[in-house]
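Student: give me coordinates for this.
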Amino acid sequence: MAHGKPNQAWHVFHGFWALLLLCAGCHTAGGPVPVDGCAPPPLAGNDGSHWGSRLGCNKNATPDLPHELAQATLPPYVIEAPDVLQIDAVRLIPKPPYRINPLDILAIQVTNTPALAPVSGLYSVDPDGRVDLGTNYGRVQVEGMTLPEAKTAIFDYLKMQGGLKPPFDVTVGLADSRGLQLIRGPHLVRVDGTVGLGVYGSVHVDGLTIEDARAAIEQHLSQFLLKPEISLDVVGFNSKVYYVVTDGGGAGQQVVRLPMTGKTTVLDAVSQVNGLSPVSSKHLIYLVRPTPAACKADDEVYKIEWNAIVRRGEVGTNYQVLPGDRIYVDAQPLVVVDTALARFLAPWDRLFGSVGLGNSTVREFLTPIFTNGVVTSPGF
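Tutor: Numbering: from 1, shown residues only. Now for the predicted structure:
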């Protein structure tokens, strides 16, 4: 019986550590496991070789996956909401007969005017439909007129009210149209997949490549303009993203959404979130690729050898990140166990602490007090 207590304590000690190792093992086994799923066929590099033949000496790397030194060229960009498109005018000529609108800019030239009061240059049509020819001549109503009608109206005005005497001539041209101004500039692809073109309506561009979207916009504008030509590019790549998910060791998970900006590797992606957190495990990092519905039985999860990448410069598992990929950084198993134990023991600790505080308080009030050899009874 004298040796029973030490043996029992020793068994409890070993049992406690076995429980920790079991929990750690369960946590590790519960993480993603790299398997061969419905992977795409081998991609060919620029030199005609396959990725699998350029993985180096890292046997843990998954063949046929683009990596740091053998990255794949992504397919033509497909426009989706909420991308931002930049549209510039190459040829935007209104179909005749064009009628002048407020905020249009007219090029007006009048001959034989006084030297101190010329009429020559660009003139903006005011919101009320008038064009201001200067303090010497006043304003002329031109809204809704064609260019020849505006020329006649300006000629008659200058002859009757402007004080000009024949012979003089008036030339009126369209320098810039309010409708054309609304076409130029950045345009956000709306949630319904359309892009707004101001007074010319909207065009559906979701799911189109840049060339197809340009052709669709030009075809739409041909209803209003004469053989329109535009240049189109994407200036806000907002629809193609990847995610970096960092496990907090039982204290939640942080998800960072990052835009695709080109050929991005796993190391690039982790650098965008300021590296690994203090609780992150260097041995439990995975590249998780979206799996088609037909391949749900097989996941595309590839383990990343972090130490091999950063300490030895091996590129085999420094995979190229594709749109939609998730980089999952798991926490250290012991941190997870520590957090779980803290959550389990914290309520009991508070409970027993409160009970112990109450007991000590009661004992303090019940303990007799000796004052000058006289015992007094405690009280509240």
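Student: pLDDT weak spots in the stretch 151-300 of the chain?
Tutor: 293-298 (pLDDT under 70).
Student: strands of that one, residue ranges please.
Tutor: Per DSSP state E, counting those that start in this stretch, the stretch 151-300 of the chain carries strands over the ranges 170-176, 185-188, 194-196, 202-204, 225-236, 241-247, 253-259, 264-265, 280-289, 300-304.
Student: mind putting these into CSV with distance to Tyr77 and mean neighbour count?
Tutor: Where you see a C-beta, it was placed from the backbone N, CA and C, and this is true even at glycine. Below are the strands of the stretch 151-300 of the chain laid out as CSV (distance: least, C-beta to C-beta, whole Å; neighbours: other C-beta atoms under 10 Å):
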stretch, distance to Tyr77, mean neighbour count
strand 170-176, 31, 17
strand 185-188, 16, 15
strand 194-196, 15, 18
strand 202-204, 17, 17
strand 225-236, 6, 16
strand 241-247, 13, 19
strand 253-259, 12, 13
strand 264-265, 15, 20
strand 280-289, 19, 20
strand 300-304, 23, 22
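Student: closest to Ala213 out of those strands?
Tutor: Closest approach to Ala213 among the strands of the stretch 151-300 of the chain is made by strand 225-236 (6.0 Å; C-beta to C-beta).
Student: could you export that closest one as PDB, keeping only the C-alpha atoms?
Tutor: C-alpha atoms of strand 225-236 as PDB (Å, rounded to 0.1, in the frame of the first residue of the first chain):
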ATOM      1  CA  LEU A 225     -22.300  55.700 -84.300                       C
ATOM      2  CA  LEU A 226     -20.700  55.400 -87.700                       C
ATOM      3  CA  LYS A 227     -18.300  52.300 -87.800                       C
ATOM      4  CA  PRO A 228     -17.200  52.700 -84.200                       C
ATOM      5  CA  GLU A 229     -13.800  51.500 -83.000                       C
ATOM      6  CA  ILE A 230     -12.700  51.400 -79.300                       C
ATOM      7  CA  SER A 231      -9.800  50.000 -77.300                       C
ATOM      8  CA  LEU A 232     -10.700  47.900 -74.300                       C
ATOM      9  CA  ASP A 233      -8.600  46.700 -71.400                       C
ATOM     10  CA  VAL A 234      -9.100  45.500 -67.900                       C
ATOM     11  CA  VAL A 235      -7.700  47.900 -65.200                       C
ATOM     12  CA  GLY A 236      -9.300  46.300 -62.200                       C
END
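Student: partner strands of it and their direction?
Tutor: strand 84-94 (antiparallel) (DSSP bridges).
Student: quick one: mean pLDDT over the strand it pairs with.
Tutor: Averaged over strand 84-94, pLDDT sits at 88.
Student: hmm, who's touching whichever helix or strand comes after that strand?
Tutor: Once strand 84-94 ends, the next helix or strand along the chain (criterion: DSSP states H and E) is strand 105-110. Strand 105-110 has contacts (C-beta atoms under 8 Å, 6 or more residues apart in numbering) with 100, 118-125, 131, 133, 142, 150, 154, 158, 164, 168-177.
Student: ChimeraX command for the buried members of these?
Tutor: Applying 16 or more other C-beta atoms under 10 Å to the contacts of strand 105-110, the buried members can be selected in ChimeraX as follows:
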select :100,119,123,125,131,133,142,150,154,158,164,170,172,174,176,177
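Student: one step back: got CSV for the strands of the stretch 151-300 of the chain, with distance to Ala81 too?
Tutor: Listed next are these as CSV, based on distance: least, C-beta to C-beta, whole Å:
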stretch, distance to Ala81
strand 170-176, 30
strand 185-188, 8
strand 194-196, 9
strand 202-204, 11
strand 225-236, 11
strand 241-247, 13
strand 253-259, 14
strand 264-265, 22
strand 280-289, 23
strand 300-304, 26
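Student: of all these, which one is nearest Glu218?
Tutor: strand 225-236 (5.2 Å).
Student: can you tell me what sits against that closest one?
Tutor: Contacts for strand 225-236 (C-beta under 8 Å, 6+ apart): 77, 79, 82-96, 183, 186, 188, 210, 213-214, 217-218, 221-222.
Student: and these, which of them are buried?
Tutor: Of these, these count as buried by 16+ other C-beta under 10 Å: 77, 79, 83, 85, 87, 89, 92, 94, 183, 210, 213-214, 217-218, 221.
Student: hang on, the earlier thing: mind checking which of the strands of the stretch 151-300 of the chain is nearest Leu345?
Tutor: Closest among the strands of the stretch 151-300 of the chain, using C-beta to C-beta: strand 241-247, at 21.6 Å.
Student: so what strands line up beside that closest one?
Tutor: strand 253-259 (antiparallel), strand 326-331 (parallel).
Student: save those strands as TSV, and put in distance to Pro347 too.
Tutor: Shown next, in TSV, are the strands paired with strand 241-247 (distance: least, C-beta to C-beta, whole Å):
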stretch	distance to Pro347
strand 253-259	24
strand 326-331	23
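Student: between those strands, which gets nearest to Pro114?
Tutor: Closest among the strands paired with strand 241-247, using C-beta to C-beta: strand 253-259, at 59.9 Å.
Student: measure Asp176 to Leu116 for me?
Tutor: 28 Å (C-beta to C-beta, to the nearest Å).
Student: need the contact list for the closest residue to Gln141 other than its chain neighbours.
Tutor: Nearest residue to Gln141 in three dimensions, chain neighbours excluded: Arg130, at 5.2 Å (C-beta to C-beta, 6 or more residues apart in numbering). By C-beta under 8 Å, 6+ apart, the contact list for Arg130 reads Arg139, Val140, Gln141, Val142, Glu143.
Student: which of those sits closest to Thr111?
Tutor: Out of the contacts of Arg130, the member with the shortest distance to Thr111 (by C-beta to C-beta) is Val140, at 16.9 Å.
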